[in-house]
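K.L.:
Okay, predicted coordinates and the sequence, questions at the end:
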Amino acid sequence: ISLHYLRTTPDGRIAFGGGKHRVAPKIIDGRYRYDVRSIGELAGDFRRWFPSFDGVPLEAAWGGPIDVSPTHHPTFGTLLGGVSHFGFGFTGGGVGPCHLGGKILSGLALGVADEFTSLPIAGGIVKRFPPRPLLTLGERVISRANVRRDDRRDENRRVGPIMNALAHVPRWLGYNLGA
């Protein structure tokens, strides 16, 4: 899995999660709430991270697509005409930047120039992903290379030069994704 996160809960348990770069299904179905493949991979990673908990049952699971912005940073701005303002791209970490996002959006709505509305993430510049079909094919190849590279590194296995080069393509294109 390309990203793992964990924390303890107030009652001393472990909330463990992760995400792979996987394209969401085109049809909204049950995989948006419970993706068996994602959950199975994550459960395997939990057992690998915590082998002493091998016999301990996992209580709950969720698996489905998440939104990822091209820069991995939230972006705020104002649409043409100056009436509508936006904030998007929290990339799974929305709780932390929401307070800051509120300050930026309220300043934009009120037309205030301050320390919040002058932040680089408040500039409204959005780096677009490549168009389809390049997006679909390229995303799948590059995402799979990133996941396989991360998995090999986790297993202390060699990463080949082609896989490594594919994993770096987003960075070379100016996106804060991948290697």
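P.N.:
Arrived safely. Numbering: from 1, shown residues only.
K.L.:
buried sites along the helix or strand where Arg140 lies?
P.N.:
Counting by DSSP states H and E, the secondary-structure element that holds Arg140 is helix 134-154. Buried residues in helix 134-154, counted by 16 or more other Cβ atoms under 10 Å: 138-139, 142-151. Using the backbone N, CA and C atoms, a C-beta is placed for each residue, glycine as well.
K.L.:
Poorly predicted segments of this protein, please.
P.N.:
Within the chain, the stretches with pLDDT under 70 are 1-2, 19-27, 31-33, 63-71, 91-95, 125-136, 175-179.
K.L.:
any chance you could map the helices in it?
P.N.:
In the chain, the helices defined using DSSP state H lie at 36-49, 95-110, 134-154, 161-172.
K.L.:
ok so, going back, chain center to the helix holding Arg140, what's the gap?
P.N.:
Centre-to-centre, helix 134-154 and its host chain are 14 Å apart (Cα atoms, centre = their mean, to the nearest Å).
K.L.:
Which other helices and strands does it contact?
P.N.:
For helix 134-154, the contact count by 3 or more Cβ pairs under 8 Å, 6 or more residues apart in numbering; DSSP states H and E identifies helix 161-172 as packing neighbours.
K.L.:
just to revisit the earlier point, I'd like the helices of the chain as TSV, with distance to Asp29 appended.
P.N.:
As requested, these are exported to TSV (distance: least, Cβ to Cβ, whole Å):
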stretch	distance to Asp29
helix 36-49	12
helix 95-110	27
helix 134-154	18
helix 161-172	28
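K.L.:
Tell me which of those lies nearest to Arg13.
P.N.:
Relative to Arg13, the nearest member of these by Cβ to Cβ is helix 36-49, separated by 11.9 Å.
K.L.:
Tell me which residues of that closest one come out buried.
P.N.:
Those would be 38, 41-42, 45-46, for helix 36-49 by 16+ other Cβ under 10 Å.
K.L.:
distance of Arg48 from Glu155?
P.N.:
Relative to Glu155, Arg48 is positioned 9 Å away (Cβ to Cβ, to the nearest Å).
K.L.:
typo on my end, it should be Leu80
P.N.:
When Cβ to Cβ is applied, the distance between Leu80 and Glu155 equals 49 Å.
K.L.:
Arg7 now?
P.N.:
Counting by Cβ to Cβ, the gap between Arg7 and Glu155 amounts to 25 Å.
K.L.:
Same question for Ile121.
P.N.:
To Glu155, Ile121 is 36 Å away according to Cβ to Cβ.
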